[in-house]
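**Q** Provided below are the primary sequence and the corresponding predicted coordinates.
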Amino acid sequence: MTKSYVVDAFTDEIFKGNPAAVMFLPEYPNDTLMQNIAMENKLSETAFAVKKDSTHYDLRWFTPGGEIDLCGHATLATGFLVFKFAAPENSNTVTFNTKGGELTVTKKDDLYEMNFPSYDLKQVPVTEEMTTAFGEQPAEAYMGRDLLCVFPDRTDIENLNPDMDKLSQLDGLLQHATVASDKYDCASRSFAPKLAVPEDPVCGSGHCHIVPYWAKRLRKNHLTAYQASPRSGVLYCDYQGDRTLLSGKAVLYSESETFI
């Protein structure tokens, strides 16, 4: 038996933010088993953490559709659990060795700050296929790892109803829709049909695209970002060029035993 957790990340309310499953293991099981567990969990990501010492862990993330190279909310969830159950009292930073490089989570009062790489964005033409997939015409489009579509001001992205089949045919691992916000600096939604995740409720790695775009457009490095999914979530962001700091809250939803 292995203990499993589900943490709602980028929120302090149960049933909000983005739920991530987290398992702490003495070593990684085989990839097929990790993929099967992620498929069984049916969450955006399941994180598998292997402890190296009290503040250093190896970390991998699996979606129901495959392994991913960078994930924000499941990293926040794992850091939250380390601080809650395992970290030394005098430690405020935990380091994760991942396929996306070395990532840190630092506890700052009730926020957990992650230091992530920023994606370089290349502007690409807005296509008819993008408009058809999203159901609205973007004003601009950019490519990093993911496709980022910027919509005209006051576009009601909360009510966007993208066609997942058509969205999955667009470039990019994920597809993000973003717009300026009156209450926050920006609002966004994130879709990942290629990974068997129709909508990612709050996407940390997506904001490594979204934050660099808005920081340059708004000419400010400190941004508050709103994820306008049905679950919703808030990210506190600091753009530092090649790095993006993402901070959020987290709350424990469940603790259970997994029989593997």
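**A** Looks like it came in fine. Numbers count the residues shown, from 1 in each chain.
**Q** Where does residue 61 sit: helix, strand or coil?
**A** At residue 61 the chain is in strand, as set by DSSP: H, G, I helix; E, B strand; the rest coil.
**Q** swap that for residue 211, sorry
**A** Using three-state DSSP, the secondary structure recorded for residue 211 is helix.
**Q** again with residue 74
**A** Put simply, residue 74 is helix when judged by three-state DSSP.
**Q** what pLDDT does it get?
**A** As predicted, residue 74 sits at a pLDDT of 98.
**Q** so it touches residue 48, yeah?
**A** No - with contacts counted by CB atoms under 8 Å, residue 74 stays clear of residue 48, the gap being 9.6 Å. C-beta coordinates here come from the backbone N, C-alpha and C atoms, glycine included.
**Q** Mutual contacts of those two, please.
**A** Common neighbours of residue 74 and residue 48 (criterion: CB atoms under 8 Å, 6 or more residues apart in numbering): residue 61.
**Q** Of those two, give the one with the bigger neighbour count.
**A** Taking neighbours as other CB atoms under 10 Å, residue 74 and residue 48 compare with residue 74 leading, 30 against 26.
**Q** residue boundaries of the helices in the stretch 151-260 of the chain?
**A** For the stretch 151-260 of the chain, applying DSSP state H, counting those that start in this stretch gives helices covering 164-167, 207-218.
**Q** Just want the phi and psi numbers for the residue lying closest to residue 101 once chain neighbours are set aside.
**A** With sequence-adjacent residues excluded and distances taken as CB to CB, 6 or more residues apart in numbering, residue 101 is closest to residue 117, at 6.2 Å. Main-chain torsions, residue 117, degrees, to the nearest 10: phi -70, psi 140.
**Q** thought residue 117 was touching residue 246?
**A** No - applying CB under 8 Å as the test, residue 117 and residue 246 come out as separate, 11.2 Å apart.
**Q** Looking at these two, which is more packed in?
**A** Legend: neighbour count by other CB under 10 Å for residue 117 and residue 246, higher for residue 246 (25 against 16).
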